[in-house]
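Enquirer: What shape does this take:
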Amino acid sequence: MTTILMSTYNGERYLREQINSILAQTYQEWQLLVRDDGSSDGTLGILKEYAVAHPERIRILRDGRKNLGAKGSFEQLLMEAPDTDYYMFADQDDVWLPNKIAVSLAAAQDLERKHGQDMPIVVHTDLRVVDEELQEVHPSFWRYSNIRPEILDSDVHYLGICNAVTGCAMLFNLAAAELVLPFAFYAFMHDQWIAAKVLSIGGIVLPIDEATILYRQHRNNTLGAISYHFTLGDWLHKWELASRAYNAAHPLIWKNPMQFVWWKTRYFFKLHTAR
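Expert: Numbers count the residues shown, from 1 in each chain. Sure, this is the predicted structure:
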């Protein structure tokens, strides 16, 4: 069984499309646990409608904790979720391609056959970048943003420089779920924390070079796809991102700023020379 965890916040515009794409998955042994993070629009009404229509599959988590933000809301969902074999995160505004669960699950199960179910495992796929109307912007989020998961997932120090694992594109097993709770207070986002924690103790983070999701970009994205540019004008923004990356992984990965600078320099040359 796979448990899908969805956090919503004022998502009425796209929510039906996303839930319908989950219902249409080729793999059907799943349950959806949804937590609303304090919406003021019609989001909760839509969730109730689907929960009534699919009581055996869809459940709303009511914890009375109001607005926790994305990281806090997904942490609460994972803490309250039943023990199942695998977990996935779902955003409220994307559309899952029909084989999303099947592709990720097959990769995770293959790794478990080789390494055992006690090995913490995270697998994650590429994403197809689309606009508000689902028109394609780029077929690959990784290439659009110059993300190199084959480098980043190979060493926790590289992953600490740039997170390659997008929450809505990941699947992780029960061993990983038990390892990562509670989330560190200094972690920036839930996906980054889970991937870094798993890799830091010798677990496996595996990229799957296939897009399984329509990654919708609109003005209300918490985080989204940014086209990669390398210009002098980007340096201030890059410094801000570097500071955030350091703070999000200290002290799990980085013991001091000099260690971060050393690995960031290594990653820079690897990124721009290795193909």
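Enquirer: The closest residue in space to residue 218 that isn't next to it in sequence and residue 92, how far apart?
Expert: Counting by C-beta to C-beta, 6 or more residues apart in numbering, residue 132 is the residue found nearest to residue 218 once chain neighbours are left out, at 4.6 Å. C-beta: built from backbone N, CA, C; applies to glycine. When C-beta to C-beta, to the nearest Å is the yardstick, residue 132 and residue 92 sit 14 Å from each other.
Enquirer: wait, is residue 215 part of a strand?
Expert: Yes. When DSSP: H, G, I helix; E, B strand; the rest coil is applied, residue 215 is found to be in a strand.
Enquirer: next helix or strand past the helix or strand of the chain at the bottom of the mean pLDDT ranking?
Expert: Taking mean pLDDT, DSSP states H and E as the measure, the chain has helix 235-248 as its least confident helix or strand, at a mean of 80. Counting by DSSP states H and E, the element after helix 235-248 in chain order, helix or strand, is helix 257-273.
Enquirer: which of the residues in that next one are buried?
Expert: Neighbour-count burial for helix 257-273, with 16 or more other C-beta atoms under 10 Å as criterion, is recorded at 260, 263, 264, 267, 271.
Enquirer: can you check stretch 62-71 too?
Expert: For stretch 62-71, burial by neighbour count (16+ other C-beta under 10 Å) applies to 68, 70, 71.
Enquirer: For that stretch, which outside residues touch it?
Expert: Taking contacts as C-beta atoms under 8 Å, 6 or more residues apart in numbering, the residues outside stretch 62-71 that touch it are 7, 9, 35, 37-38, 75-76, 80, 183, 187-190, 193, 222.
Enquirer: I'd like the distance between residue 53 and residue 102.
Expert: Shown here: residue 53 relative to residue 102, a distance of 23 Å by C-beta to C-beta.
Enquirer: between the two, who's got more neighbours?
Expert: Summary of the neighbour comparison: residue 53 and residue 102, criterion other C-beta atoms under 10 Å, with residue 102 having more neighbours (15 against 11).
Enquirer: nearest spatial neighbour of residue 93, skipping sequence neighbours?
Expert: Taking C-beta to C-beta, 6+ apart as the measure, residue 93 lies nearest to residue 14, with 4.1 Å between them; neighbours along the chain are not counted.
Enquirer: Quick check on that neighbour: phi, psi?
Expert: Comment: the main-chain dihedrals of residue 14 come out as phi -120, psi 0, following degrees, to the nearest 10.
Enquirer: What of residue 159?
Expert: In terms of degrees, to the nearest 10, the main-chain angles of residue 159 are phi -60, psi -30.
Enquirer: Just the pLDDT for it.
Expert: Among the per-residue scores, residue 159 holds a pLDDT of 95.
Enquirer: What segments of the stretch 101-250 of the chain are helices?
Expert: Assigned helices in the stretch 101-250 of the chain, in chain order: 141-144, 149-152, 156-161, 174-180, 190-200, 235-248 (criterion: DSSP state H, counting those that start in this stretch).
Enquirer: hmm, back to that, okay, and which of the buried residues of stretch 62-71 map to helices?
Expert: Using DSSP state H to define helices, the subset of the buried residues of stretch 62-71 located there is 70, 71.
Enquirer: In a markdown table, list the buried residues of stretch 62-71 along with pLDDT and distance to residue 24.
Expert: Formatted as a markdown table, the buried residues of stretch 62-71 follow (pLDDT from 0 to 100; distance: C-beta to C-beta, whole Å):
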| residue | pLDDT | distance to residue 24 |
| --- | --- | --- |
| 68 | 96 | 29 |
| 70 | 96 | 25 |
| 71 | 97 | 29 |
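Enquirer: picking that back up, so which of the helices of the stretch 101-250 of the chain gets nearest residue 214?
Expert: Put simply, out of the helices of the stretch 101-250 of the chain the one that sits nearest residue 214 is helix 141-144, at 10.5 Å, with distance taken as C-beta to C-beta.
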